[in-house]
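# Test case, fold it:
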Amino acid sequence: MRIETKGVHVGEGLEKTQNGDVVVPIHLASTFARRKVDEPTNGYEYSRAGNPTRDVLEERLAAIENGAGGLAFASGLAAEATALFLLKRGDRVLVCSDLYGGTFRLFEQCFSQFGLRFRYIDFHDQELLTKELSEGLDMLWIETPTNPLLRVYDIRALAEAAHHQNPKAFVVVDNTFASPYFQNPLDLGADLVVHSTTKYIGGHSDVIGGALISRDKTVHERLRFYQKAVGATPSPFDSFLTLRGIKTLHLRMQRHQENAMAVAHYLESHELVKKVNYPGLRSHPDHNLAKRQMRGFSGMVSFELNDNAEPVRLIESTKVFALAESLGGVESLIEHPASMTHASMPKAEREKVGLGDGLLRISVGIEHKDDLIEDLEQALNLARR
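Reported below is the predicted structural model:
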């Protein structure tokens, strides 16, 4: 079954639900009665441990990522935090240096105090990567495409290198920017996929959520225990909204990509734009890798203005693009990473990876592409120094 069909049908229908529900109902019960002490009704005890609506979401998440099991969380960061419970004090995590600021904050300001060691490197620097791998690792953390510079890393090669160094190491891929429609990291050798389902999977900017999908059933069961013990689970209503979003994922992603490609080409030709980061452009240094590893290039674009334009004035002048954090919704958004999504990263760290104060990030929605380009055109004109 292909992803378009999985996204619509998995977990629902005559063969799956008690009443043949075409759309899974919202099970609001926080607890479940039983006839005998040791016989939970249909396996349900308490909604933190399991809920019929969330169970369907988790089954569908596993299906669209080709995983052995899926788990849903109250946010993407809750999913990331739960993945780190696979580690113990002293374990070493190699992380791509260009990553979401909230993930950096989670690692540095939360989990490092418990003895986890995080090392941030450019995964394109083969000499440095080989050196760092030789010093040992317990987890490899990859974003691809990265946030916000849209770099693409070779999942298969990195997974093979990590597992060669330590067969028990966990290779984790944040697949939020690509979505399962355009990329399936588990098929390329990753052990875990993490998503902020708030983004493309939910798709409508009306629900916060996260997901972890495992390639191995044993790892999935370990994570299910942590999910229950820690308790950062989504509500039944949030699970329902995310399920509804998945049904149209394939349709939305096609339009996101079409629009992003048009916007990227427009920006690349503009006199005020110094550089455009979009894997679909032939000028992108990872374009060939992206074509090989992904089925499409998704809807995220970032770009740098030259000295003749004022970045903040631009993002405060758009009319169709909303000035807001987040991404992946049907509406287009624009933001300034240095002062918004990546403000938690020290300036020196940001500049080290190439994330300067002139960088802007846009999440290209599903509006008409000409309206988006016209909006950027008028904002760029207003941003001239």
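# mind checking the end-to-end distance for stretch 209-228?
16 Å (Cα to Cα, to the nearest Å).
# so where do the strands sit in the stretch 101-250 of the chain?
Here the stretch 101-250 of the chain has its strands, by DSSP state E, counting those that start in this stretch, at 117-121, 139-143, 170-174, 192-195, 210-214.
# any idea of the pLDDT on the residue nearest to residue 98 when sequence neighbours are not counted?
Residue nearest to residue 98 in three dimensions, not counting chain neighbours: residue 146, with 4.3 Å by Cβ to Cβ, 6 or more residues apart in numbering. Where C-beta positions appear, they are placed from N, C-alpha and C, glycine not excepted. We note a pLDDT of 97 for residue 146 in this prediction.
# Tell me how far residue 146 lies from residue 95.
In this view, residue 146 and residue 95 are 11 Å apart by Cβ to Cβ, to the nearest Å.
# on that earlier part again, please produce CSV containing the strands of the stretch 101-250 of the chain, extended by mean neighbour count and mean pLDDT.
Formatted as CSV, the strands of the stretch 101-250 of the chain follow (neighbours: other Cβ atoms under 10 Å; pLDDT from 0 to 100):
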stretch, mean neighbour count, mean pLDDT
strand 117-121, 16, 97
strand 139-143, 25, 98
strand 170-174, 26, 98
strand 192-195, 28, 98
strand 210-214, 29, 98
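# Is it possible to get TSV of those that adds distance to residue 312?
Conversion of the strands of the stretch 101-250 of the chain to TSV gives the following (distance: least, Cβ to Cβ, whole Å):
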stretch	distance to residue 312
strand 117-121	27
strand 139-143	26
strand 170-174	28
strand 192-195	30
strand 210-214	30
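# and of those, who's closest to residue 381?
strand 139-143 (33.6 Å; Cβ to Cβ).
# tilt between the closest one and strand 170-174?
Interaxial angle of strand 139-143 relative to strand 170-174 (axes from the mean of the first three to the mean of the last three Cα atoms, to 10 degrees): 20 degrees.
# CA-only coordinates of strand 139-143 in PDB, if you can.
Extracted in PDB, the C-alpha atoms of strand 139-143 (Å, rounded to 0.1, in the frame of the first residue of the first chain):
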ATOM      1  CA  MET A 139      23.600   8.300  19.200                       C
ATOM      2  CA  LEU A 140      23.800  10.200  15.900                       C
ATOM      3  CA  TRP A 141      21.300  13.000  15.600                       C
ATOM      4  CA  ILE A 142      20.600  14.200  12.000                       C
ATOM      5  CA  GLU A 143      18.300  16.900  10.600                       C
END
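# partners of it in the sheet?
Next to strand 139-143 in the sheet, as set by DSSP bridges, lie strand 92-96 (parallel), strand 170-174 (parallel).
# Starting from the longest helix anywhere in the chain, tell me the next helix or strand along the chain.
In the chain, with assignment by DSSP state H, the single longest helix is helix 249-268. For helix 249-268, the succeeding helix or strand toward the C-terminus, using DSSP states H and E, is strand 273-277.
# Just the buried residues of that following strand, please?
By neighbour count with 16 or more other Cβ atoms under 10 Å, strand 273-277 contains the buried residues 273, 275, 276, 277.
# Please name every helix or strand in contact with the longest helix of the chain.
Contacting helix 249-268 under the criterion 3 or more Cβ pairs under 8 Å, 6 or more residues apart in numbering; DSSP states H and E are the following elements: helix 3-9, helix 179-182, strand 273-277, strand 300-305, helix 369-382.
# what angle sits between that helix and helix 369-382?
40 degrees.
# Tell me the buried residues in helix 249-268?
Result for helix 249-268 [16+ other Cβ under 10 Å]: buried residues 249-250, 252-253, 255-257, 259-261, 263-264, 266-268.
# Off-centre distance for that helix?
17 Å (Cα atoms, centre = their mean, to the nearest Å).
# got the CA coordinates for that helix in CSV?
The C-alpha coordinates for helix 249-268 follow below in CSV (Å, rounded to 0.1, in the frame of the first residue of the first chain):
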residue,chain,number,x,y,z
LEU,A,249,-0.6,15.2,3.5
HIS,A,250,0.2,14.0,0.0
LEU,A,251,-2.0,16.6,-1.7
ARG,A,252,-0.6,19.5,0.4
MET,A,253,3.0,18.5,0.0
GLN,A,254,2.7,18.5,-3.8
ARG,A,255,1.5,22.1,-3.7
HIS,A,256,4.0,23.2,-1.0
GLN,A,257,6.8,21.9,-3.3
GLU,A,258,5.4,23.5,-6.5
ASN,A,259,5.1,26.9,-4.8
ALA,A,260,8.4,26.7,-3.0
MET,A,261,10.2,25.9,-6.3
ALA,A,262,8.6,29.0,-7.9
VAL,A,263,9.4,31.2,-4.9
ALA,A,264,13.0,29.9,-4.8
HIS,A,265,13.6,30.6,-8.5
TYR,A,266,12.1,34.1,-8.0
LEU,A,267,14.3,34.9,-5.0
GLU,A,268,17.4,33.5,-6.7
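# Just the residues contacting that helix, thanks.
3-4, 7, 64, 179-182, 200-201, 203, 273, 276, 278, 280-281, 283, 296-301, 303, 330, 332, 362, 364-367, 369, 372-373, 376-377 (Cβ atoms under 8 Å, 6 or more residues apart in numbering).
# Give me the mean pLDDT for it.
pLDDT averaged over helix 249-268 gives 98.
# now, the most widely separated pair of the buried residues of strand 273-277?
273 and 277 (10.9 Å).
# Buried residues, stretch 299-316. List them.
Buried, per 16+ other Cβ under 10 Å, within stretch 299-316: 299, 300, 301, 302, 303, 304, 305, 309, 310, 311, 314, 315.
# show me the contacts for residue 166.
Residue 166 sits in contact with 136, 137, 138, where contact means Cβ under 8 Å, 6+ apart.
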